[in-house]
Structure formats: structure tokens, C-alpha cells
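Undergrad: One predicted model, sequence on top.
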Amino acid sequence: MDRIRITGGQPLNGSIMIGGAKNAALPLMIASLLTRETLTLYNVPRLSDVRLLMRIIGNHGVDAGIGGKRVDQREGEGDSITLSARDIVDTTAPYELVSRMRASFWVIAPLLARMGEARVSLPGGCAIGTRPVDLLIMALEALGADIDIDSGYVVARAPKGLQGGLIRFPKVTVGGTHTAMMAACLANGDTVIENAACEPEVVDLALCLNKMGAKISGAGQSRIEITGVGRLGGAHHEVLPDRIETGTYAMAVAMTGGNVLLEGARADLLQSALDVLQKTGLQISEEAAGLRVSRQGGVIAPVDVTTAPFPGFPTDLQAQFMALMCRADGTSHIRETIFENRFMHVQELVRFGARIKLDGETALIEGRKSLKGAPVMATDLRASVSLVIAALAAEGETMVHRVYHLDRGFEELEKKLARCGALIERVSGEH
Ligand code: EPZ
């Protein structure tokens, strides 16, 4: 198992290319199941989650190809992939695969909409909380699907096709909104989704579905309207830049000081997080090539944060921000309102000497002038990168174990940071 060794204390200077968003690429890839024609996606990040999803949709009959450069392709841009689901050969998504990546549960929507049936394993819990799929099931039922739970599988049927309907989510859910949109595209008649997620990745999926021939309006607002169509076709679509990767590197610079251009980053995708970072003392400016972030000296000011659905402060940046607050000049509070158990990083941050107290959904962080490197263990994707951020500013050496979590969502993290002056390297093999 690979590890990452970091010697802290170096400022970051240079530029970092921001990749395509993992959380947009995954639903876009799943959308390829909706059509017999080819969906071509550009700027797909090279991540283990992407490779795993290719295998999963491959089981259903998607023929996937990687490669082929575009004339206008930027240096360091992600892969171009072609996905062709000419024939769906299997409508079952097995436990072995769905349990490895929750988002693969979303295949239930295109399989059901196109084939009239799907059998998809319940994903089970994960490190950040129980994460049920009841709202996704509710959405499919609102479109006329018959749902049974059989031996750990959700069995969904709509032999005469799905019917448009009203889906009113009692809670904002990104996966629920993706699922509802994909299913409703091929349903008979009109669908309205109320209290829809407004995340940029939802907008990106809707844009791509519309290029494929869907009729979706309102994506990015809390009410989405969809008129079902008989069939969808192929399309070409570029994955939007990863706002979580952007925010993560911005926090790394806020932590270490320095001056970095985040190439290809878009401020509008994470304005609330940027506002918070500015209050901590980070300077941020928009340039033609991306976002420039810098901090030259001065202290890190403590700022209180509450996670919320978009456009609020993203839960996927909570752990990274906590790492930053561990070195703030004072006390801060972080409230996690999206997932009930997304504090696995706290015990690992404490190993750096951080002072954090948990009280229900709130963490109280007493900032310290210095942290000390330590052996730590990655527990989930965003938690693991928070340990990297802490290590970049800690005195001495840190070894981060179980970095396969990082590889799920950060392409070439150690190379991108090393090019900016960080002392960071991957150590391969057993320890
Ligand atoms: C997406 O997960 C992201 N994953 C998550 O990123 C992200 O943290 C999350 O949205 C919130 O922004 C992908 O896009 C692949 P939700 P998702 O449905 O869709 C509850 C990462 O690190 N809920 O918006 O699964 C749920 O338990 C990952 O990249 C139900 O109760 O999240 C949570 O409390 C981690 N019933 C809340 O809603 C349901 O049926 C929001 O979850 C569905 C969700």
C-alpha cells in the first residue's frame, strides 16, 4: 500500500492545473447508459473512482474508449473518453461493485428508464455517515416505478415506462437530483423536481443531458422542470473544473503561505468557500487563466463555518478547512450539517498536536502557532487531503498511510504540490 511522506514548512509557489470535477464526471459517465449513441466526455480526471465506474458501466454493456487529443486541448487537461451503450447486456449492479463506490447506485435511473427494469445493490454505509438511498427510491416511485428490496438489492420495475410526476425532496440531495433528472428525461410527460440540489455538478449533468436531446430547464435552481422525450442521442461534453480540488489547493496555500495560480479554476463554483478563505487572510484574484491565491506572511484569522448545500460552504471542503483552522490565530467553530459522521479526520488532526473538541455536529478548534508532523491514517477522500494540508505546515516529517483514498479524488496530488515547492513524495509498497 502506498504512503505519502511530507516534510512541512515550505511555502507553495507556482501553478497548479485544476482537473475536471470527479463529482461531475461520475454522473455524466452514468448518463451514457441512457442512449445507444456515443457520449464523448472531455477533461475527465484520471482517478481510481473514474476507472472503477468504467468497469461498472462496462458490466452493463458500455463500450469505453480513452484517448484522442483535441486540437484545442490544454496542457495537463484530463482524458477524452467515449462511452457507447449500444446494447444494455445486464441490468444488475452487484454488491461487490456498488459497495466500493456509492455513486454507482445511480445507474438505477438510466437502466430503469431505458430498459424498464434494474436490480441494483444497496450501497451500505460508509466512513462519513449512514447515507441512505430512501430519497432516490422515493423519486423513482414518484415516476411510477415499482420498487422492492430483495436480498440487499433494490429491484425497480416500470414495464410500461416511467411516467412524469412531481418529486418533492424533503431534504436537498445531489444524488437524488441526478437520479431524478436522468429518470425523468425518458419518462412519458412532464416532471417537476422541487427542492432540487443546485450544485454545479447538477447543472453540468443537465447541460450534457440537454445536448443529448433532453428537455430540462431550471437546473441550478431549486425547481427543475423536465419534459420527457422518446429517446436520447450522443453528445460531446467537457467536464467542468473541480471546485473541491480548487478549494483544497487554495486552503493549502492559505496554510503554508506563498503564491499559486490555480489554472482553469472558476470562482463562481465555490464563492462561499473563497469568501471564507479571504476572511482568513488569503488573497484571491481572478485572472484569465484561473484563480490566483496568495498569502505573504501575517497570521491565519479564525473564521466560523457551517456546511450547507450549494451555494453554501461545501461539506467536501470541511475537513480541509478544519486543518487550516488548526493553525489559526484564535478559536473557530465548524458545524457539519450535511453528514452526521464526517469528523473522522479529527482524531488524526489531533496527532499533529491540534486542539479540537467535538460537540455533536460542531467542532471547536483552538488554533496553534505550530503543528508537529506525525504518522497519520487517511480515512476517507476529503479527510485524507486535510491531513496533507496539516502536514505541509507541520514541523518535521509526516507519513500519511492508506493514500488509496486520495487517489479516488485527487489526480497527481503529490506531483502538483511538489512542483510548487512542497517536500512531498509517494513511497510505494508495503511498510
Ligand atoms: C454527493 O454525494 C457527493 N458525491 C459527495 O461527495 C458530497 O459530499 C455530497 O453530494 C454532498 O454535497 C458525489 O457527487 C459522487 P447527498 P451524495 O445525496 O449525492 C442524505 C466526495 O467526497 N440522504 O446530497 O451521496 C445523506 O445521507 C463525496 O466526493 C438521505 O437521507 O450526497 C446526506 O445527509 C463524499 N437519503 C444528505 O442527504 C437519500 O436517499 C445529502 O446527501 C439520499 C441522501
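TA: The structure has been received and is ready for your questions. Everything numeric in this text was worked out from a predicted model, so none of it was measured. Numbers count the residues shown, from 1 in each chain.

Undergrad: Can you give the domain ranges for the protein?
TA: 3-18+241-427, 22-238 (automatic domain parsing).

Undergrad: Averaged pLDDT, the longest one. What do you get?
TA: This points to domain 22-238. Mean pLDDT, domain 22-238: 94.

Undergrad: Next: the shortest one.
TA: Mean pLDDT, computed over domain 3-18+241-427, is 97.

Undergrad: dump the residue contacts of Leu111.
TA: Leu33, His60, Ile88, Thr91, Ala93, Glu117, Ala118, Val120 (C-beta atoms under 8 Å, 6 or more residues apart in numbering). (C-beta placed from N, C-alpha, C; glycine too.)

Undergrad: with these in mind, which one is nearest to Pro170?
TA: Closest approach between the contacts of Leu111 and Pro170, by C-beta to C-beta: Val120, at 22.2 Å.

Undergrad: tell me which element that closest one is part of?
TA: strand 117-121 (DSSP states H and E).

Undergrad: Partner strands of that strand, with direction?
TA: Strand 117-121 has the following strand partners under DSSP bridges: strand 92-93 (parallel), strand 153-157 (antiparallel).

Undergrad: got the contact list for the longest one?
TA: Strand 153-157 has contacts (C-beta under 8 Å, 6+ apart) with 92, 95, 108, 112, 116-122, 133, 137, 140, 145-149.

Undergrad: Just checking the distance from it to the centre of its chain.
TA: On the basis of C-alpha atoms, centre = their mean, to the nearest Å, strand 153-157 is displaced by 26 Å from the centre of the chain it belongs to.

Undergrad: again with stretch 43-50
TA: Per C-alpha atoms, centre = their mean, the centroid offset for stretch 43-50 relative to its chain is 11 Å.

Undergrad: can you tell if it touches the ligand?
TA: No. Between stretch 43-50 and the ligand, judged by C-beta under 6 Å from any ligand atom, nothing touches; the nearest distance is 7.9 Å.

Undergrad: Near the ligand, which residues of the stretch 301-431 of the chain are found?
TA: Counting by C-beta under 6 Å from any ligand atom, the stretch 301-431 of the chain comes close to the ligand at Thr315, Asp316, Ile338, Phe339, Leu381, Arg382, Gly409.

Undergrad: Nearest residue to the second one in space, ignoring adjacent ones along the chain?
TA: Right, the one you point to is Asp316. Ile244 (4.6 Å; C-beta to C-beta, 6 or more residues apart in numbering).

Undergrad: who's in contact with that neighbour?
TA: Neighbours of Ile244 in contact, by C-beta under 8 Å, 6+ apart: Ala21, Lys22, Asn23, Leu270, Pro314, Asp316, Leu317, Arg382, Gly409.

Undergrad: Which residue ranges of the stretch 251-400 of the chain form strands?
TA: Listed in chain order, the strands of the stretch 251-400 of the chain (DSSP state E, counting those that start in this stretch) span 258-263, 283-287, 290-295, 305-306, 331-335, 355-359, 362-366, 375-377, 397-401.

Undergrad: any idea how far the residue nearest to Ser370 when sequence neighbours are not counted lies from the ligand?
TA: Nearest residue to Ser370 in three dimensions, chain neighbours excluded: Glu395, at 5.8 Å (C-beta to C-beta, 6+ apart). Distance, Glu395 to the ligand, by C-beta to the nearest ligand atom, to the nearest Å: 29 Å.

Undergrad: in which helix or strand would I find the residue nearest to Asp316?
TA: Residue-wise, Ile244 maps onto helix 243-256 under DSSP H and E.

Undergrad: got it, and Cys208?
TA: helix 200-211.

Undergrad: residues in contact with that helix?
TA: 21, 23-24, 27-28, 31, 34, 39, 174, 177-178, 181-182, 185, 196, 214, 216, 219-220, 224, 232, 235-237, 239-240, 243, 269, 310.

Undergrad: and if you look at stretch 42-55?
TA: 19-22, 25-26, 29-30, 62, 64, 70, 73, 77-81, 97, 100-101, 103-104, 236-239, 241-242, 404, 407-412.

Undergrad: try 7 Å
TA: 19-20, 22, 25-26, 29, 64, 70, 77-81, 100-101, 104, 238-239, 242, 407-409, 411 (C-beta atoms under 7 Å, 6 or more residues apart in numbering).

Undergrad: out of the residues you listed, which are inside helices?
TA: Lys22, Ala25, Leu26, Met29, Asp407 (DSSP state H).

Undergrad: which residue of the chain sits farthest from its center?
TA: Farthest-out residue of the chain from its mean C-alpha position, per C-alpha atoms, centre = their mean: Lys160, at 34.4 Å.

Undergrad: Compute the inter-axis angle for the helix holding Cys208 and helix 243-256.
TA: 150 degrees (axes from the mean of the first three to the mean of the last three C-alpha atoms, to 10 degrees).

Undergrad: from the chain's centre, how far out does helix 200-211 sit?
TA: Chain-centre distance of helix 200-211: 15 Å, with C-alpha atoms, centre = their mean.

Undergrad: Restricting to C-alpha, output it in CSV.
TA: Taking Å, rounded to 0.1, in the frame of the first residue of the first chain, the C-alpha atoms of helix 200-211 are listed here in CSV:
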residue,chain,number,x,y,z
PRO,A,200,-22.7,23.0,-10.2
GLU,A,201,-22.4,19.2,-11.0
VAL,A,202,-26.2,19.0,-11.3
VAL,A,203,-26.1,21.9,-13.8
ASP,A,204,-23.3,20.2,-15.7
LEU,A,205,-25.3,16.9,-15.9
ALA,A,206,-28.4,18.8,-17.1
LEU,A,207,-26.3,20.7,-19.8
CYS,A,208,-25.0,17.4,-21.1
LEU,A,209,-28.4,15.7,-21.0
ASN,A,210,-29.9,18.6,-22.9
LYS,A,211,-27.1,18.2,-25.5
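
Undergrad: Can you list the strands that the very next helix or strand once past that helix pairs with?
TA: As assigned by DSSP H and E, the chain's next helix or strand after helix 200-211 is strand 215-217. Partners of strand 215-217 in the sheet, by DSSP bridges, are strand 223-227 (antiparallel).

Undergrad: Pull out the buried residues from the strand it pairs with.
TA: Ile224, Glu225, Ile226 (16 or more other C-beta atoms under 10 Å).

Undergrad: which one of the residues you listed is nearest Val303?
TA: Ile224 (32.6 Å).

Undergrad: Count the residues that sit near the closest residue to Pro45 other than its chain neighbours.
TA: Residue nearest to Pro45 in three dimensions, not counting chain neighbours: Gly19, with 4.1 Å by C-beta to C-beta, 6+ apart. The burial count assigned to Gly19 is 27, neighbours taken as other C-beta atoms under 10 Å.
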